[in-house]
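Asks: Sharing a sequence plus its predicted fold:
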Amino acid sequence: MAFLSHHLQLTLLFLFLFNATLAYSSWRFEKNVDYNNWISWNIKNYQQKTTLKAESIVQAPGAAGRKALDLKLRKAEMNKVTISVSQNGTGDFKTIREALNSIPLYNTRRLILVIKPGVYREKITIPRTLPFVTFLGDANDPPTITGNDTASVARRDGSPIGTFESATVSVDANYFVAIDMKFENTAPHETGSIGEQGVAIRISGTKAAFYNCSFYGSQDTLYDHKGLHFFNNCFIQGSVDFIFGYGRSLYENCNLNSIAKKVASLTAQKRTNSSLESGFSFKDSVVTGSGQVYLGRAWGDYSRVVFSYTFLDKTVLPQGWSDWGDQKRDFSVYYGEYKCSGPGANLTGRVPWARMLTDEEAKPFIGTYYVEGDSWLIRPY
């Protein structure tokens, strides 16, 4: 009887463990299915949104193709105002800050600041109360906004300003546009040093677009903080994590130039949970420069970066990607490559958790719908 009881106990234990294993396998399968379903959902979601908006909103002037601009943007674009900035006194204002101060709070019109060539040594903040601002430079001689603050610069009370406030230009407003501009932070960075993060521009507002712009810095050049952003034909230079943040951004026809002296990383995307619709997508771009660089390292546990149709020079490390020393992130990050070329695109030494995307998997990342562009992207002026 004791034997039968013991045997029955073992049987019951076996059945329990068997069922638990099945349940766990089923859970993992469902999680994988849910995660992969995001690929097809992403496109369908944006297509549905665009169709609904197209049915309810009249096409706006200046829209590229069949676009349905959101109502606030449409109204702003129909009531443009232009003011000029020139250091020699031939414009409406001599400094960019003076021009911004002239704009009424909670502005609802597109304000185009025509900025004449020159080097503007100004620390600029565009607050949330000033949406619809455009910086328009000269394509033949783009103006430069420059600064050299770092994270270790002290406030009046002695505390450091931190990376967030080190930016030469801070954009907190929505609907910002920059065309033919240079943004710069000249603070140098020595490998291994602390507190030398020096941001050229921080973009915290949503629906921001940059055309033919250049961003120069060393550590943390471009703080792609949060929101929907689009970069077209831009040059971005830095050494360590020089494109970083939570943003959901499309970089198209951009040149990423590393000036790293040792091993560094191009991107540090900080997606912290699986529900955040954020990530960096690079399409038809070029990665070149000095040092040895990872395409990205996982600042967040669910960091998401994709490179498509991009030329990767020999500066890209064979491993391609870094988990920032936390192997748990290998199972949660989304690092993808699609039809890239160049010596750095050789997949022989890639980390096993990098994704070589199929045509279907790449679709969500290679169009302006990735940043919901049909509702807010307009032709440059």
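Replies: Great, that's in hand.
Asks: Low-confidence ranges, the chain, go.
Replies: 1-67, 191-193 (pLDDT under 70).
Asks: Tell me where the stretch 151-300 of the chain has strands.
Replies: Under the criterion DSSP state E, counting those that start in this stretch, the stretch 151-300 of the chain carries strands at the ranges 169-171, 177-179, 182-185, 201-203, 208-211, 214-216, 222-223, 228-232, 235-238, 243-245, 248-252, 255-269, 279-283, 286-297.
Asks: Adding mean neighbour count and distance to Ala154, write those strands out as TSV.
Replies: No exception for glycine: its C-beta is placed from N, CA and C like everyone else's. As requested, those are exported to TSV (neighbours: other CB atoms under 10 Å; distance: least, CB to CB, whole Å):
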stretch	mean neighbour count	distance to Ala154
strand 169-171	25	18
strand 177-179	24	30
strand 182-185	25	17
strand 201-203	26	19
strand 208-211	24	30
strand 214-216	23	24
strand 222-223	30	20
strand 228-232	23	31
strand 235-238	22	24
strand 243-245	27	23
strand 248-252	24	32
strand 255-269	22	25
strand 279-283	25	32
strand 286-297	22	29
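Asks: could those strands go into TSV alongside distance to Val351?
Replies: Below are these laid out as TSV (distance: least, CB to CB, whole Å):
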stretch	distance to Val351
strand 169-171	34
strand 177-179	35
strand 182-185	31
strand 201-203	29
strand 208-211	31
strand 214-216	28
strand 222-223	25
strand 228-232	26
strand 235-238	23
strand 243-245	20
strand 248-252	22
strand 255-269	13
strand 279-283	18
strand 286-297	9
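Asks: Which of those sits closest to Arg329?
Replies: strand 286-297 (9.4 Å; CB to CB).
Asks: next structured bit after the closest one?
Replies: Note on strand 286-297: by DSSP states H and E, the next helix or strand toward the C-terminus is strand 304-308.
Asks: Pull up the pairing partners for that next one, direction included.
Replies: Using DSSP bridges, the strands paired with strand 304-308 in its sheet are strand 279-283 (parallel), strand 334-338 (parallel).
Asks: Now Ala362. Nearest residue, chain neighbours left out?
Replies: Tyr338 (4.1 Å; CB to CB, 6 or more residues apart in numbering).
Asks: In contact with the one you found, which residues?
Replies: Shown in contact with Tyr338 (CB atoms under 8 Å, 6 or more residues apart in numbering): 306-309, 356-357, 361-362, 365-366.
Asks: Buried members of the residues you listed into PyMOL, please.
Replies: To isolate the buried ones among the contacts of Tyr338 in PyMOL, judged by 16 or more other CB atoms under 10 Å, type:
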select buried, resi 306+307+308+309+357+361+362+365+366
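Asks: could you pull out the helices for this protein?
Replies: Secondary structure of the chain, counting by DSSP state H: helices at 2-56, 71-77, 96-101, 162-165, 359-362.
Asks: Can you list the buried residues in the third one?
Replies: Residues of helix 96-101 classed as buried by neighbour count (16+ other CB under 10 Å): 96, 99-100.
Asks: so how many other residues sit close to the closest residue to Ile83 other than its chain neighbours?
Replies: Spatial nearest neighbour of Ile83, chain neighbours left out: Asp92 (4.6 Å); criterion: CB to CB, 6+ apart. Neighbourhood size, Asp92 [other CB atoms under 10 Å]: 14.
Asks: Gly89 now?
Replies: 7.
Asks: Please report the distance of it from Phe231.
Replies: 33 Å (CB to CB, to the nearest Å).
Asks: Now the residue nearest to Ile83: phi and psi?
Replies: phi -70, psi -30 (degrees, to the nearest 10).
Asks: in terms of contact, does it touch Ser84 like I think?
Replies: Yes. Counting by CB atoms under 8 Å, Ser84 is a contact partner of Asp92 at 5.0 Å.
Asks: OK, contacts around Asp241?
Replies: Asp241 touches 219-220, 264-268, 297, 299, counting by CB under 8 Å, 6+ apart.
Asks: Which member of those is positioned nearest Ser166?
Replies: Among these, and counting by CB to CB, the member closest to Ser166 is Asp220, at 7.7 Å.
Asks: coming back round to it: next up, the contacts around the residue nearest to Ile83.
Replies: Applying CB under 8 Å, 6+ apart, the residues contacting Asp92 are 83-85, 99, 102.
Asks: Need the residues you listed in a markdown table (columns: distance to Arg248).
Replies: Listed next are those as a markdown table, based on distance: CB to CB, whole Å:
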| residue | distance to Arg248 |
| --- | --- |
| Ile83 | 31 |
| Ser84 | 33 |
| Val85 | 31 |
| Ala99 | 30 |
| Ser102 | 32 |
